[in-house]
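Novice: Predicted model follows, preceded by the sequence.
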Protein chains: 2
Amino acid sequence: MTDEKKPRRRPRSDGQRNRENLLKVAKAAFTAGEVDIPLDEVARRAGVGIGTLYRHFPNRDALIEAVYRAELDSLADAAPILAAQHPPVEALRAWMRLFVDYIAAKLVIAPALNGLAGGTGALYAQSGTVLQDAIEKLMAAAVASGDISADIEPVDLLRALAGVSNYAAGPGWETSAKRLVDILIAGSRAPAS
Amino acid sequence: MTDEKKPRRRPRSDGQRNRENLLKVAKAAFTAGEVDIPLDEVARRAGVGIGTLYRHFPNRDALIEAVYRAELDSLADAAPILAAQHPPVEALRAWMRLFVDYIAAKLVIAPALNGLAGGTGALYAQSGTVLQDAIEKLMAAAVASGDISADIEPVDLLRALAGVSNYAAGPGWETSAKRLVDILIAGSRAPAS
DNA sequence: TTGTTAAACGGAGTGACTCTCCGCATATAT
DNA sequence: ATATATGCGGAGAGTCACTCCGTTTAACAA
């Protein structure tokens, strides 16, 4: 019933190496825009058989999720740091801008995120929770300090941000995206009651 | 060089019928959530051969675009009407809410829009222009009346809206999306100079 | 070292899907 | 009624995701 520990053996070193290699190759391909790269090709570039790829990642989505989970986590980790360095509203703004930067640097690729089966949720439901937690805490602080209105759903802002990443195209989109961040912040301000 | 007119013959009636049938079937499937439906199946349901489908729509994306173009157009058409009925800012707000309604009614399906190859642009570059025109005019009016700030990019709002449609999941998302509309409007207001 | 064994590997094979090609059918115009 | 451009249909080629299972190898014990 409870989780038994069966540490019979140490995990095999070649297994871990291959797994990391696959992730590295996949990330390189995805960030290079080859979102639709065949999985055979990923395996080939990583110097492993297709069977090995599928043992580590049961399907395409699993691979994509694994590639981005680390990025998502590091984005989430930045939240408490920013919170410590800035006043609440500015921390929120800074984090949202960082979100945009991540997209700009192709560290997080929206098409890949959205391309997931069923479109939505699948990935954000699992990996996305860390982002939700991050923004929720930032907003809670800003609400507590009386800077932003209490009846704003954190998720809404995240959605808007994610939306921008979908349509990240054309020159100047990045500054345009940061302008949107300002709009969102301004729109979330508590009325000067 | 210029577009020659060669109206040798009237288009064949069966051709038009089949085309409409395909669109009807495809729309039904897409709105029912069967975004990944095989094209053979679409052809079968429409009672035509696969070859016929591919003559009318050279690839999957073309079909998706054709299905939604009408919806997109009607959404765009609503803009001037709303503009005539409401003061500028309210017209803008109403239109953005209408956008959300369309998504809610599954008349426009975000997963399908985003699932397009290459992720971005492909569809919005063509069909999306009508939406851009629509919101640009609404915003121009609101800027002219001094209600909203001049340095807001219309596309940004569209992006945010589209983003929300991606993550349209879970109960209450709709009201949450409309709240986002209000945030965006509030954030776009011109400073009471 | 050597033997044992569980863990991991590789890649041929399967089924599903997209898209092409081209001979056949039919609506339109004369 | 005849001619012909227009549209139809579906077999088949090419690609891809994912499975299966015989073979290899790293980890551990003796």
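Specialist: Yes, it's here. Numbers count the residues shown, from 1 in each chain, chains lettered A, B, ... in the order given.
Novice: which SSE is the residue in chain A that DNA strand C sits nearest to in?
Specialist: Nearest to DNA strand C, among the residues of chain A, is A:Gly51, at 1.8 Å (Cβ to the nearest atom of the strand). All C-beta spots, glycine's among them, are computed from the backbone N, C-alpha and C. Applying DSSP states H and E as the criterion places A:Gly51 in helix A:50-56.
Novice: Name the next helix or strand downstream of the worst-scoring helix or strand of chain A on mean pLDDT, please.
Specialist: In chain A, the helix or strand scored least confidently by mean pLDDT, DSSP states H and E is helix A:122-126, which has a mean of 51. Per DSSP H and E, the first helix or strand lying C-terminal to helix A:122-126 is helix A:128-144.
Novice: For that next one, give the mean pLDDT please.
Specialist: In this model, helix A:128-144 has a mean pLDDT of 90.
Novice: swap in stretch A:92-109?
Specialist: Mean pLDDT, computed over stretch A:92-109, is 83.
Novice: which stretches of chain A aren't confidently modelled?
Specialist: Along chain A, segments meeting pLDDT under 70 span A:1-8, A:106-128, A:163-172, A:192-193.
Novice: domain parsing for it?
Specialist: Split into domains by automatic domain parsing, chain A comes to A:12-58, A:60-188.
Novice: Need the distance between the two termini of the last one.
Specialist: Put plainly, it is domain A:60-188. 38 Å (Cα to Cα, to the nearest Å).
Novice: Could you give me the buried positions within stretch A:24-31?
Specialist: Buried residues in stretch A:24-31, counted by 16 or more other Cβ atoms under 10 Å in any protein chain shown: A:Val25, A:Ala26, A:Lys27, A:Ala29, A:Phe30, A:Thr31.
Novice: The second one: what secondary structure?
Specialist: Classification of A:Ala26 using DSSP: H, G, I helix; E, B strand; the rest coil returns helix.
Novice: quick one: contacts for it?
Specialist: By Cβ atoms under 8 Å, 6 or more residues apart in numbering or on different chains, the contact set of A:Ala26 is A:Ile37, A:Val42, A:Leu63, A:Ile64, A:Val67.
Novice: buried subset of these?
Specialist: Buried residues within the contacts of A:Ala26, counting neighbours by 16+ other Cβ under 10 Å: A:Ile37, A:Val42, A:Leu63, A:Ile64, A:Val67.
Novice: how many neighbours does A:Glu20 have?
Specialist: Neighbour count for A:Glu20, taken as other Cβ atoms under 10 Å in any protein chain shown: 12.
Novice: And for A:Gly49?
Specialist: By the criterion of other Cβ under 10 Å, A:Gly49 has 13 neighbours.
Novice: A:Ala144 now?
Specialist: 11.
Novice: cool, and A:Thr52?
Specialist: A:Thr52: 18 surrounding residues under other Cβ under 10 Å.
Novice: Also A:Ile81?
Specialist: Close neighbours of A:Ile81, defined as other Cβ under 10 Å, add up to 12.
Novice: quick one: contacts for it?
Specialist: With Cβ under 8 Å, 6+ apart, A:Ile81 has no contacts at all.
Novice: any idea which element the residue nearest the centre of chain A lies in?
Specialist: Closest to where the C-alpha atoms of chain A average out (Cα atoms, centre = their mean) is A:Leu72, at 3.2 Å. For A:Leu72, the element it lies in under DSSP H and E is helix A:60-85.
Novice: Do that helix and DNA strand C come into contact?
Specialist: No: legend: contact between helix A:60-85 and DNA strand C by Cβ under 7 Å from any atom of the strand is lacking; minimum distance shown is 12.6 Å.
Novice: Stretch A:22-35 too?
Specialist: No: judged by Cβ under 7 Å from any atom of the strand, stretch A:22-35 stays clear of DNA strand C, getting no closer than 8.8 Å.
Novice: right, is that stretch up against DNA strand D?
Specialist: No: Stretch A:22-35 does not reach DNA strand D (Cβ under 7 Å from any atom of the strand); its nearest approach is 10.0 Å.
Novice: How far off centre is that stretch?
Specialist: In terms of Cα atoms, centre = their mean, to the nearest Å, the centre of stretch A:22-35 is found 15 Å from the chain centre.
Novice: Stretch A:19-34 too?
Specialist: Taking the mean of its C-alpha atoms, stretch A:19-34 sits 16 Å from the chain's own mean (Cα atoms, centre = their mean).
Novice: Next: stretch A:33-48.
Specialist: Its chain's C-alpha centre and that of stretch A:33-48 lie 21 Å apart, by Cα atoms, centre = their mean.
Novice: Only alpha carbons, please: show it as CSV.
Specialist: What follows is stretch A:33-48, C-alpha atoms only, in CSV (Å, rounded to 0.1, in the frame of the first residue of the first chain):
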residue,chain,number,x,y,z
GLY,A,33,12.5,25.3,-34.3
GLU,A,34,12.4,21.6,-35.3
VAL,A,35,9.3,21.0,-33.2
ASP,A,36,8.1,18.3,-35.5
ILE,A,37,11.3,16.4,-35.6
PRO,A,38,10.7,12.6,-36.0
LEU,A,39,11.5,10.7,-32.8
ASP,A,40,13.7,8.3,-34.8
GLU,A,41,15.9,11.3,-35.7
VAL,A,42,16.2,12.4,-32.1
ALA,A,43,17.3,8.9,-31.2
ARG,A,44,19.7,8.8,-34.0
ARG,A,45,21.3,12.1,-33.0
ALA,A,46,21.6,10.9,-29.5
GLY,A,47,23.3,7.8,-30.7
VAL,A,48,20.7,5.4,-29.3
